[in-house]
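Visitor: sequence first, then the predicted structure:
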Amino acid sequence: MSVKVMSYIWEYSRQKGTPLLTLLALADWAHDDGTQAYPSIATLAKKTRMTTRNVQLVLRTLKEAGELQIEEGAGPYGCHLFTVLMTGGEKISGGEKISGVKKQVKGGEKSRHKTLPKISPNPLEEKPSEEEPLEKIPPIVPPKGEQYSAGFCCFWQTYPVKKQKAQAWKVWRRLRLDPLAAEICASIQAHLDNDTAWKRGYIKYPASYLTAGCWQDEFGGTASTGNPYDLTAWVHAKESAHDA
């Protein structure tokens, strides 16, 4: 292993990624002048965690970049003979970028950067209002061992149309309706008791009812007074029935 060659590669090589890794691997076999490295392709592939085909492609890249000399079949037992070309040049260390955008920092002088012009905001990328991204709010998570939350179960038990339960649960979670469960269930009962349209059978599917916020609708007749749904008592009764 040549520490001198490895140090040279770190400071001067303009490679990165797998080509840089391959150069550093070759430094393990090279002399201090970069010569006499002759690992087989299979050995080099094993050391760099690449396939032999990828190693061959990387070696060709290094040769074309002028950082590696390859003498095919010139090493012992017919192996290729590799030489890391230590020709000097500008150092890459010290904060310089390979693309040449930054200049090398010398003598503690601060590097100067060009100020990029400000780009006017794109109206299509404006930040949405606080009421828009409902899907980005973490969904309601049912209690452990339960498929649905207690509030949704109360709604489903009360609502007269038992259709598309999965879709209704999806809307319930998206709109985060658990805090409004008692109000929704009370509204459903009031509509069942007093809404003439509901009594004639004109009732939406549960998902459509929730999406449209129909529990806030007004209807003809006298609404039920008070809130007949105590969710705490409802959950307690459900748990008691489960334990029994």
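Guide: It's in.
Visitor: got the domain boundaries for this protein?
Guide: Per automatic domain parsing, the domain ranges recorded for the chain read 3-84, 136-243.
Visitor: so how far is the first residue of the first one from its last?
Guide: Read it as domain 3-84. Domain 3-84 has its terminal residues 13 Å apart, counting by C-alpha to C-alpha, to the nearest Å.
Visitor: tell me where the chain has strands.
Guide: Taking DSSP state E as the test, the strands found in the chain are 68-71, 81-84.
Visitor: columns mean neighbour count, distance to Gln15 and mean pLDDT on top of the ones you listed, output as JSON lines?
Guide: Bear in mind the C-beta positions are built from the backbone N, C-alpha and C, glycine included. Listed next are the strands of the chain as JSON lines, based on neighbours: other C-beta atoms under 10 Å; distance: least, C-beta to C-beta, whole Å; pLDDT from 0 to 100:
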{"stretch": "strand 68-71", "mean neighbour count": "16", "distance to Gln15": "10", "mean pLDDT": "90"}
{"stretch": "strand 81-84", "mean neighbour count": "21", "distance to Gln15": "11", "mean pLDDT": "89"}
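Visitor: make JSON lines out of the ones you listed and add distance to Gln36.
Guide: Listed next are these as JSON lines, based on distance: least, C-beta to C-beta, whole Å:
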{"stretch": "strand 68-71", "distance to Gln36": "11"}
{"stretch": "strand 81-84", "distance to Gln36": "7"}
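Visitor: quick one: low-confidence ranges for this protein?
Guide: Counting by pLDDT under 70, the ranges of the chain that qualify are 1, 88-146, 219-244.
Visitor: ok, and the closest non-adjacent residue to Ala25?
Guide: Lys47 (4.9 Å; C-beta to C-beta, 6 or more residues apart in numbering).
Visitor: ugh, wrong one, Trp215
Guide: Ser187 (3.8 Å).
Visitor: what segments of the protein are helices?
Guide: Remark: helices assigned in the chain by DSSP state H are 3-12, 18-27, 41-48, 52-64, 150-158, 165-175, 181-194, 196-199, 206-211, 231-243.
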